[in-house]
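S.K.: need a 3D model of the following:
(one chain, ligands or ions: 3)
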Amino acid sequence: MTSLRDLPIDTFIDALSIPCCYIDFDGTVLLWNEQAETLFGWERDEVLHHALPVVQHLEQALETWSPLLLQYPFSTTALTAFKHKNGSVVYATAYLQTFSINDVNGYFLAFLPKGFGPLISTEQFNLLHHFQAMIEHSTYYLAANARGEITEINPLLCDLIGAPDQQFIGRNWFELIHPSFEDDPIAGVVRQALTTDQIWNGEMPIRSQRHVTNICWLNLTIVPILSEDGEIAQYTAFGFDVSDKKRLEQEVNYLAYHNDLTGLLNKKGLLRQYAHSLTDVKEHNGLLHVALFDIDRFKIINESFGSRVGNELLLQIKDRAERFLPQSSVMFHPSGGLYGILFFEQSKEEVFQLLRQLQHELQRPFRIYHHSIMLSISIGCVFYPSATNSLDELYTRAESALFKGKRIGVGTIQFVTKDMDDAFSRQIHIEKALYQALEEKHFYLEYQPKFDLKTDKLIGFEALLRWHHDQLGQIPPSEFIPLAEEMALIVPINNWVILEATKQLKAWQPLVNHPLSMAVNISPNQFRSESFINTLRNIKQQLDLNPSDVILEITESLVMQQTEETIARMNQIKRLDYRLSIDDFGTGFSSLQYLKSFPVDELKIDKVFLDDWMTSKSHLLDVIVHLGKSLNLHVVAEGVEDQIMLDHLKETDCDSFQGFLYAKPMAPDQVVRLLTNNEI
Ligand code: C2E
Ligand code: CA
Ligand code: CA
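M.R.: Ligands and ions are numbered 1, 2, ... in the order given. Got it, this is the predicted structure:
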C-alpha cells in the first residue's frame, strides 16, 4: 500500500478549495483546511486534536453517521446547522466518507455552505467522492507555480522519472510528458482545462527511466489553487501509476481491432483507422478501391489438415500477398480465410491487373510442414467513387460481390458493376423506407379474382400486398418482401395483411349469393412465429368468420424445411378450421412421401408449368394436376394469360385458376363493382 509519508496531506486538503476536515471515529480533528478556517472561524491550531467544535451534538451525530456510512461509504447530509466560532449558525450540506490515513480510521467531511458561490461542480463532487482512493493511491506529487514551473516534487516521483529533484525545480512541468506524446493533443487538453481553473483528472504518459519497454502512465489529478483575488497561484498534482491497467487496456484494444493470428487489422480496425480516408479521397477526387478475397473451402482445409496447418497457411498467405501488393495498399484480415485490401492511388485497370496477378500468386502451391496445398481464391471488389459514401458500405458491397461470385463458382473475381452498385443503393434505400412504410401505413392490398374452371364462376380472391413509396414509386412485392423478411418486419406486415384481407372478405360475402374465399400469402417467418396462431384465433372470434373461407398459402420451400415442426404447426391451423394451400407448387422439392403427410387442402401450380406447356406442350403440367387430384387436393393453376392455356386446363382435372386473362389484381372498390354488377 502506498505510504503517505511523501504526500503533504495538508497541501492536498487545502487544494480542495472546499471547506473540509478529517476526524477520527471519536470526533477528534486530525486535519482542518484553510477553507474550513474561513467558514467556521476556528484556526487550524485551535481545533487540531480537539473534538470537532462545529457539530451541535457531536456524540449523537457520530452515532448516526456510523451505521449510515457502513452502508454507504460516501453520504451527503441535508442542509444542517453547524456552529461558528462566534456563536452564529452556519448552514451547510456535509459530504461524509469513511476514510483511513496511516491506519487511523475516521471520517472525511467536506462542507458546502448554503449560498456558497457557485454550486459544487461535478469535478469537485467526483473528487470528493474519490478522495479516499486518491489519498490512498497517490504516490506521486508535484507542485508548480502559475507559469507551470515546478516548485516542489516528491522523491518518489523523482525516482520514477529517474533524476534528482534539483533538475526539475524551475522547469516547466509539461516537460515531464513522455517525448513520444509531445505532439499529442493531451498537453493541449490539460493546458486548456487548467486555464479555466478547473480540476483536471486524467491519464498522462510520463518520462520514466524505470519504464524501459513500456510507457509509464500516471493517473493525475491537477488542482489549481486560487489566491485571494481569484488568480491561479499554484498547481498541485497528485498521481498514481496506472501503467499496468493501461497496458492491459491497450492489449484488449489491440485484440478488438486486429486479427489475433496475423496481426492485420480486422474489419472493426479497418473501419476505425480508415473511415476518414474516404473523406480525404472524396475531397481530392482520389481513388479508393476495396477488395475482399477468400480462400474457397477454407473450412475443409482446416478440418482435414488441422488448425496448425490452417493457421500456418493463413500466415503464409499474408506474407505472400504483402510481398506482392504495392506499398500504398493496406491489407486487412476480417476473419478466417477472408482477407481484404484497400487500394489507394491505383487506377481501376491497375487494380484489375493486380487482383488477377494476386489470385494467380496465391493459387501457386503452399508448402506447409510436409504438405503441399493448392488453393482457389475468390475475389470481390468495389471501386470508389461509387454510389456510396462510407467505407462500411463499400466493404459490404465488396462482400456481396464476393458472395455473388462464389455462387457462380469458386475462383471467381467479381467486380461491383454500376448496376449492382445502383441496385445496392436502392436496396438500402428500401430497407430504410420499409420501417417508415409500416408506421405510416403506406401498404395496401389488391385482390386477384380466382375462378372455377368448369363454370367460370368467381369463387374467391388472393390478397396481394402493394407498396407505393413517395420517391421510389411502386415497389414490387418480390423486391421488398425478401428484405422485410430479412429485417424481421414481415411478421407485423403480414399480420396486418391477413387482418385487412379477412375484414374485406367479411364485407364482400353478403354482396353475392355464392361462397367466396380469400387466399392470403403467409411468409415462412410468420408461419413460424408464435403470434400467428393467436392472430388466427382472434380473427376467427372477432370477425365471426368461417375460417374455412380463408386459405393460407405457404410456399413449397417452407414446407420442405423443418418438416416435423411444420406438420405440427399445420395441424394447429387445421384445428382452427382454416384451409391450407401449397403455393408455387412444383418449384420446390416436395417429396410425395411428405406431401401425403401434410394436412393441406390445395395445391397452386406455379406459372412456370403453364409457360412450359405453352412453349413445348410438355406433359409435366398434366402430371402435376393429376398428382394433386390423386392426393385429393383442390388444384389451382396460376398465371393463366392465354385462352389456349385455359382451354387446355379445362380438359384436365384442375379445379380453378387465376390469371391476367380474366382478371388482374385490383383495388377493393373495383372488387365491389365486380361483385355488385354481377359482371362475372
Ligand atoms: P404469388 O403468391 O405466386 O402471387 C401471384 C403473383 O402472380 C402475383 O404477383 C400476381 O400479380 C401474379 N400474377 C397473377 N396472375 C398472373 C398472370 O396471368 N401473369 C403473370 N405474369 N403474373 C400473374 P405479385 O403481386 O407481384 O406478387 C409476387 C409475390 O409476392 C407473390 O407471389 C407472393 O409470393 C408475394 N406476396 C404478395 N403479397 C404478399 C403478402 O401479402 N405476403 C407475403 N408473404 N407475400 C406476398
Ligand atoms: Ca400466392
Ligand atoms: Ca404462386
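S.K.: which stretches of the stretch 201-350 of the chain have low pLDDT?
M.R.: Counting by pLDDT under 70, the stretch 201-350 of the chain contains low-confidence ranges at 226-230.
S.K.: right, and ligand 2 sits closest to which residue of the stretch 301-450 of the chain?
M.R.: Gln448 (9.0 Å; C-beta to the ion). (Each C-beta comes from the backbone N, C-alpha and C, glycine too.)
S.K.: what residues sit buried inside the host helix or strand of that residue?
M.R.: Under the criterion of DSSP states H and E, Gln448 resides in strand 443-452. Judged by neighbour count using 16 or more other C-beta atoms under 10 Å, the buried positions of strand 443-452 are Phe443, Leu445, Glu446, Tyr447, Gln448, Pro449, Lys450, Phe451.
S.K.: neighbours around Gly336, how many?
M.R.: 15 (other C-beta atoms under 10 Å).
S.K.: now Asn521
M.R.: By the criterion of other C-beta under 10 Å, Asn521 has 22 neighbours.
S.K.: also Thr676?
M.R.: Neighbours of Thr676 (other C-beta under 10 Å): 11.
S.K.: phi, psi of it?
M.R.: Dihedral pair for Thr676: phi -80, psi -30, per degrees, to the nearest 10.
S.K.: hang on, isn't it packed against Asp669?
M.R.: No: between Thr676 and Asp669 there is no contact under C-beta atoms under 8 Å: 10.6 Å.
S.K.: any idea how far stretch 418-431 is from the chain center?
M.R.: Its chain's C-alpha centre and that of stretch 418-431 lie 22 Å apart, by C-alpha atoms, centre = their mean, to the nearest Å.
S.K.: now stretch 72-87
M.R.: Using C-alpha atoms, centre = their mean, the offset of stretch 72-87 from its chain centre is 47 Å.
S.K.: which residues of this protein lie near ligand 2?
M.R.: Near ligand 2, the residues belonging to the chain are Asn521, Glu553, Asp583 when assessed by C-beta under 5 Å from the ion.
S.K.: at 8 Å instead, please
M.R.: Contact residues (C-beta under 8 Å from the ion) of the chain with ligand 2: Glu462, Leu464, Ala519, Asn521, Glu553, Ser581, Asp583, Asp584, Lys604, Glu638.
S.K.: okay, now the third one: neighbour count?
M.R.: Ala519 is surrounded by 26 other residues when neighbours are defined as other C-beta under 10 Å.
S.K.: then the first one?
M.R.: Summarising burial for Glu462: neighbours were counted as other C-beta under 10 Å, giving 24.
S.K.: what helix or strand does it sit in?
M.R.: Element membership for Glu462 (DSSP H and E) is strand 458-469.
S.K.: give the buried residues for that strand.
M.R.: If you call a residue buried by 16+ other C-beta under 10 Å, then strand 458-469 has these buried ones: Leu458, Ile459, Gly460, Phe461, Glu462, Ala463, Leu464, Leu465, Trp467, His469.
S.K.: for stretch 323-330, same thing?
M.R.: For stretch 323-330, burial by neighbour count (16+ other C-beta under 10 Å) applies to Leu325, Ser329, Val330.
S.K.: on the three-state scheme, Gln192 is what?
M.R.: What DSSP: H, G, I helix; E, B strand; the rest coil gives for Gln192 is helix.
S.K.: what pLDDT is listed against it?
M.R.: pLDDT, Gln192: 75.
S.K.: state the distance from it to Trp200.
M.R.: 9 Å (C-beta to C-beta, to the nearest Å).
S.K.: same drill for these two, tell me which one is more crowded.
M.R.: Counted by other C-beta under 10 Å, Gln192 and Trp200 do not tie: Trp200 has more neighbours, with 20 against 12.
S.K.: get me the contact residues on the stretch 151-300 of the chain for ligand 3.
M.R.: Counting by C-beta under 8 Å from the ion, no residue of the stretch 151-300 of the chain sits close to ligand 3.
S.K.: let me see the ranges of the helices in the stretch 151-300 of the chain.
M.R.: For the stretch 151-300 of the chain, helices defined by DSSP state H, counting those that start in this stretch occupy the ranges 155-161, 185-195, 243-257, 267-283, 298-305.
S.K.: ok, which of the ones you listed comes nearest Lys348?
M.R.: helix 267-283 (14.0 Å; C-beta to C-beta).
S.K.: can you give me the angle the closest one makes with helix 243-257?
M.R.: On the basis of axes from the mean of the first three to the mean of the last three C-alpha atoms, to 10 degrees, helix 267-283 is oriented at 70 degrees to helix 243-257.
S.K.: show me what helix 267-283 is packed against.
M.R.: helix 243-257, strand 288-295, strand 330-335, strand 338-344, helix 391-408 (3 or more C-beta pairs under 8 Å, 6 or more residues apart in numbering; DSSP states H and E).
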